[in-house]
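# sequence unknown, structure follows:
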């Protein structure tokens, strides 16, 4: 069984930009979101994946990911994705022993910048970078699957 242990944080400034080790543009959509399971198609550069993930607001979730042909992914996103796409650029930033993923969102989610760190266990310690702000791992608004129907630009000033 695949398990993803991930924590999410808001990014409070641009000081991370000098520490980028790589980046990629991502386009993703959801074929299914039933609360307990989501099925996502993601195109990252010239590669594509099908991802199946358990739902819930926990830092540990079941996750399975499989590479699929790029042309198939494009067709699925065009013809089968429910509600639209999440578009973002993902920057990989090293901090201590970990590489963080920083997502700079575009389109209806422009203005949102989030950092994610994947851990080997829920209690694994990690260096907290100065650019990482409030943790939002338990806030459903910040899950990509929810950003399609409830985009960041419509949240108002309470975000």
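Received, thanks. Note that the structure is a prediction, hence the values are computed from the model and not measured. Numbering: from 1, shown residues only.
# tell me where the longest strand sits in this protein.
strand 20-33 (DSSP state E).
# can I assume residue 116 is in contact with residue 7?
Yes - Residue 116 lies in contact with residue 7 (Cβ atoms under 8 Å); the separation is 7.0 Å. For the C-beta atoms, the positions are set from N, CA and C on the backbone; glycine is no exception.
# between those two, who's got more neighbours?
Between residue 116 and residue 7, counting by other Cβ atoms under 10 Å, residue 7 is the more crowded of the two (19 against 16).
# can I assume residue 153 sits in a helix?
Yes - the assignment for residue 153 is a helix, going by DSSP: H, G, I helix; E, B strand; the rest coil.
# distance of residue 151 relative to residue 23?
Using Cβ to Cβ, to the nearest Å, we find residue 151 at a distance of 22 Å from residue 23.
# swap in residue 135?
Between residue 135 and residue 23 the distance is 23 Å, computed by Cβ to Cβ.
# and what of residue 116?
For residue 116, the distance to residue 23 - Cβ to Cβ - is 14 Å.
# ok, now residue 131?
16 Å.
# who's more crowded, those two?
Counted by other Cβ under 10 Å, residue 131 and residue 23 do not tie: residue 131 has more neighbours, with 21 against 15.
# enumerate every residue touching the residue nearest in space to the middle of the chain.
For the chain, the residue nearest the mean C-alpha position is residue 144 (5.7 Å; Cα atoms, centre = their mean). By Cβ atoms under 8 Å, 6 or more residues apart in numbering, the contact set of residue 144 is 28, 40, 86.
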